[in-house]
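K.L.:
Just to be clear, the model below is a prediction. Sequence and coordinates:
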Amino acid sequence: AQVWDAQELEARWGDWWQEQGVFRPLDDGSKPRRYVLDMFPYPSGDLHMGHAEAFAMGDVVARYWQQRGFDVMHPIGWDSFGLPAENAAIKRNAHPAEWTYKNIETQKASFKRYAIAVDWDRELHTSDPEYYRWTQWLFLQFYNRGLAYRKNSPVNWCPKDQTVLANEQVVDGACERCHTPVTKKALNQWYFRITDYADRLLDDMEQLEGKWPERVLAMQRNWIGRSQGAHVTFTIEGADSVEGTDSAGGAGAVSERDVTVFTTRPDTLYGATFFVVAADADLAQELVAPEKAAELAAYREQVKALSDIERQSTEREKTGVFLGRYAVNPLNGEKLPVWAADYVLSDYGTGAIMAVPAHDQRDLDFARTFDLPVRVVVDTAGEDPAETGVATAGEGSLINSGPLDGLSKAEAIAKAIEIVEGAGTGEATVNYRLRDWLLSRQRFWGAPIPIIHCEACGEVPVPEEQLPVRLPDDLRGEQLAPKGQSPLAAATSWVEVACPTCGGAARRDTDTMDTFVDSSWYFLRFVSPNDDDAAFDPGAVRRWGQVDQYVGGVEHAILHLLYARFFTKVVHDMGLIEHTEPFERLLNQGQVLNGGKAMSKSLGNGVDLGEQLDEFGVDAVRLTMVFASPPEDDVDWADVSPAGAQRFLARAWRLAQDVASVPGLDPSTGDVAVRQATHRAIADAASALDNHKFNVVIAKTMELVNALRKAIDSGPGAADPAVREGTEAVAVLLSLVAPYTAEDMWHVLGHEGAVLHAGWPEVDESLLVDDTVTAVVQIKGKVKDRLEVPVDITDGDLEERALSSQVILGIIGESPVRKVIVRAPKLVNIVI
Ligand code: ANZ
Ligand code: ZN
């Protein structure tokens, strides 16, 4: 061909790579291994611009490492269970598998066209029985280790999707998927005991420092939320202390009972002026004085409708109900009124707090609403919180605090803990924000939970040899519609089984697993995706180790990564793998925007990837993605020029055409300036790649292409061996982002193998001269010599170079040098 034609190049090389097995790792130990992984896609439809960006970035890493001589594993698969398939099936009176696997075919074809360097032999689908069999197996291992359990508890419930949601799936009080306000519902649910791993999930982050984006680490840290503090026990005074109560034996009456609070600030115990229990906790109902019971009941109804986020909002006016009881402060015996309020959450700490309005803003807001006293106990030399409305949380010395007076905050915390521990009314403790992972879903399209419920034996794990527990394939359409319980419950012939233990009539668990379970171990499955005997081959995992580079969106900063880290630790504890963290390095690619905004249907600013590929070709689109900005930054499609990328690729490709007919000669005999440009570009590209500045790689390649074009048209010409050397380097550099163009150039240049096997060009350090300028050396104002010097040479160095020049020394002879004027880097004037 005489012109660069994207469609033609795509047709020529499209299948060739797969036929040649270019992307298949050798896995024979002949080279050091590297594992590159992109977060696997959900097959919701065809590929979109977001995929195009993310996968372009991961591919740069995989292809670069391949060029650098590593044995690279870069697999792909599909996160193919989940709600959208089920909703589509209900709408179309179909089975979710039909929609799912059809979408996968479409996406797969697009991925192939997009030329991501993945080994398709390792493709997996989490919705295949061959895969979910092992998801179920892992569940059972967790179960056997006491890490999976069932409990009845109020859960987040989406009334529209008719399913339970994890806390993480509730966004601003609404279902993350359909935006319906979330309510609470009491259900018997399965949990993974991730809280057992809270400390390790935090402490092992040390391994990730500097390798994961700092903001992701911060989000994980926050989510786990470890707080150092104390449990302090208050005695709630009974009916006697409540004025006007005559129903000591009636409902809600208590005599005395202890209630423990969690506090991070035991130093402020003397500043506690009231006591609050979570309004929705059973405790509130147990403590309330009879005459306040009706008021509390009404308030609890009101609280039910609120999400945790609304409850903790600092914007909302504080609400609450006085319970008609008093809590006795164990340090000073003071009686504090007990309130029920929604700003205290029932599932954090102990669900009860001592309120210190002077030093806690939430408490202060509450105190001001209900006119409760405010007592400063840490003197921060600031203004009075009661007047300013701003609680003080800073350092200071303790006042109004008996034995704690005069101590610093830290000293007072230690001392207060010592006192309560001595008195048996409290102890130091650690509290976590992290909750156990609610994993059961009342939906069809997920891995069935492999448990059988038997009247006689209770919960019975499905015996391993009976795995997988397959989904029935005869349910479709309306039968899958949410009804408050799993659609599987209606599949009688599926549900009713013999108990594996006693043989009696029993029922299968009808819930399915959260799809986050599927994605918590897929990176392990990739090492031996077709293994029928195990979830993964431990030997293969040992060989490949951690994922060296993981690439994906920051929207997965918390959940997916936390769960995958948790699974990795459990699997490590099972003795199956050596490492304790799944992903050594993490790269969060930016988003693709259009006109500065995320693409969305409502804004009408969507860009169709397929149309872009048809119009500009795969290479130009990929190059545009990579060139637009460093990979972490967003790309605004309104600001980029795929047409410009096309012109550049055509220009690069033409170099190969021009050089093709010239036989390859020893480059060291070639033009030095051209060689310098080539080796400088290779060295700069390598350091840019190591620092994830992929856009810089393109910029360097563009400079090199320009230099080579100049060399051909008005320099040493296409026959110069340095020009061929440079053009081959261009093909290798382009092989990371523009595979079709690069492959074609490589073959035009006379090579037979794949450009990805070319190997990274060796840099000749002696050619890496810095940029230089010509300095003029004058003697008494007359030019006598010219020196090539680095642009950044210092005055001192330039003077030294001038005074040691043979020409200058010859002129000066024995004459004394009277004065030297230096203007680096251009001029030296010597007066003799
Ligand atoms: C007294 C106090 C004084 C507190 C003070 C803070 C400042 P973190 O750091 O997030 O763990 N708290 C405890 N349980 C709560 C619950 N279930 N709902 C709402 N708030 C709760 O926060 C711990 C602090 O949050 C605890 O320390 C408690 O208030 C409050 F100057 O106790 B503190
Ligand atoms: Zn039984």
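P.N.:
Nice, I can see it. Ligands and ions are numbered 1, 2, ... in the order given.

K.L.:
Beta-bridge partners for Arg585, please?
P.N.:
Partner residues in beta bridges with Arg585, using DSSP bridges, are Gln549.

K.L.:
What about the closest residue to ligand 1 within the stretch 601-750 of the chain, how many residues nearby?
P.N.:
Across the stretch 601-750 of the chain, the shortest distance to ligand 1 (C-beta to the nearest ligand atom) belongs to Glu632, at 29.7 Å. For glycine as for every other residue, the C-beta is placed from the backbone atoms N, C-alpha and C. Neighbourhood size, Glu632 [other C-beta atoms under 10 Å]: 13.

K.L.:
Shouldn't it be within a strand?
P.N.:
No: read with DSSP: H, G, I helix; E, B strand; the rest coil, Glu632 is coil and lies in no strand.

K.L.:
Contacts only, for it.
P.N.:
Glu632 makes contacts with Pro213, Leu587, Asn588, Gln589, Gly590, His692, as judged by C-beta atoms under 8 Å, 6 or more residues apart in numbering.

K.L.:
Stretch 346-356 and ligand 1, are they touching?
P.N.:
Yes: shown here: stretch 346-356 in contact with ligand 1 (C-beta under 6 Å from any ligand atom) through Tyr348, Gly349, Gly351, Ile353, Met354, Val356.

K.L.:
again, but for stretch 266-273
P.N.:
Yes: Stretch 266-273 reaches ligand 1 (C-beta under 6 Å from any ligand atom) through Thr268.

K.L.:
Name the SS class of the residue in the stretch 601-750 of the chain that ligand 2 sits nearest to, please.
P.N.:
With C-beta to the ion, the shortest gap between the stretch 601-750 of the chain and ligand 2 falls at Lys601, namely 51.6 Å. Classification of Lys601 using three-state DSSP returns coil.

K.L.:
interface residues of this protein facing ligand 2?
P.N.:
Cys454, Ala456, Cys457, Cys499, Thr501, Cys502, Gly504 (C-beta under 5 Å from the ion).

K.L.:
residues touching the closest residue to the second one other than its chain neighbours, list them.
P.N.:
In this case it means Ala456. Ranked by C-beta to C-beta, 6 or more residues apart in numbering and with sequence neighbours excluded, the top spatial neighbour of Ala456 is Cys502, at 5.3 Å. Neighbouring residues of Cys502 by C-beta under 8 Å, 6+ apart: Cys454, Ala456, Cys457.

K.L.:
coming back round to it: and the contacts of Glu632, which is closest to ligand 2?
P.N.:
Ligand 2 lies nearest to Asn588 out of those, by C-beta to the ion, at 48.8 Å.

K.L.:
and the gap between that closest one and Met219?
P.N.:
The spacing between Asn588 and Met219, counted by C-beta to C-beta, to the nearest Å, is 11 Å.

K.L.:
Now list whatever residues contact both of these two.
P.N.:
Ala557.

K.L.:
Residue of the stretch 301-450 of the chain nearest ligand 2, please.
P.N.:
For the stretch 301-450 of the chain, C-beta to the ion, closest residue to ligand 2: Pro450, 15.4 Å.

K.L.:
List phi and psi for the residue of the stretch 601-750 of the chain closest to ligand 2.
P.N.:
Per-residue torsions, Lys601: phi -60, psi -40 (degrees, to the nearest 10).

K.L.:
Just the pLDDT for it.
P.N.:
Lys601 is assigned 83 on the pLDDT scale.

K.L.:
Using TSV, please lay out the contacts of Glu632 together with secondary structure, pLDDT and neighbour count.
P.N.:
Listed next are the contacts of Glu632 as TSV, based on DSSP: H, G, I helix; E, B strand; the rest coil; pLDDT from 0 to 100; neighbours: other C-beta atoms under 10 Å:
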residue	secondary structure	pLDDT	neighbour count
Pro213	coil	96	16
Leu587	strand	97	20
Asn588	strand	96	21
Gln589	coil	95	25
Gly590	coil	94	21
His692	coil	94	17
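
K.L.:
closest to Pro667 among those residues?
P.N.:
His692 (30.0 Å; C-beta to C-beta).

K.L.:
which residues of the stretch 651-800 of the chain fall in helices?
P.N.:
Counting by DSSP state H, counting those that start in this stretch, the segments of the stretch 651-800 of the chain that form helices are 672-690, 694-714, 721-734, 739-748, 795-803.

K.L.:
residues of the shortest one that come out buried?
P.N.:
Applying a neighbour-count criterion of 16 or more other C-beta atoms under 10 Å, one finds Leu798, Glu799, Arg801, Ala802 buried in helix 795-803.

K.L.:
again with stretch 624-641
P.N.:
Neighbour count says stretch 624-641 has Thr624, Met625, Val626, Phe627, Ala628, Ser629, Pro630, Pro631, Val635, Asp636, Trp637, Val640 buried, by 16+ other C-beta under 10 Å.
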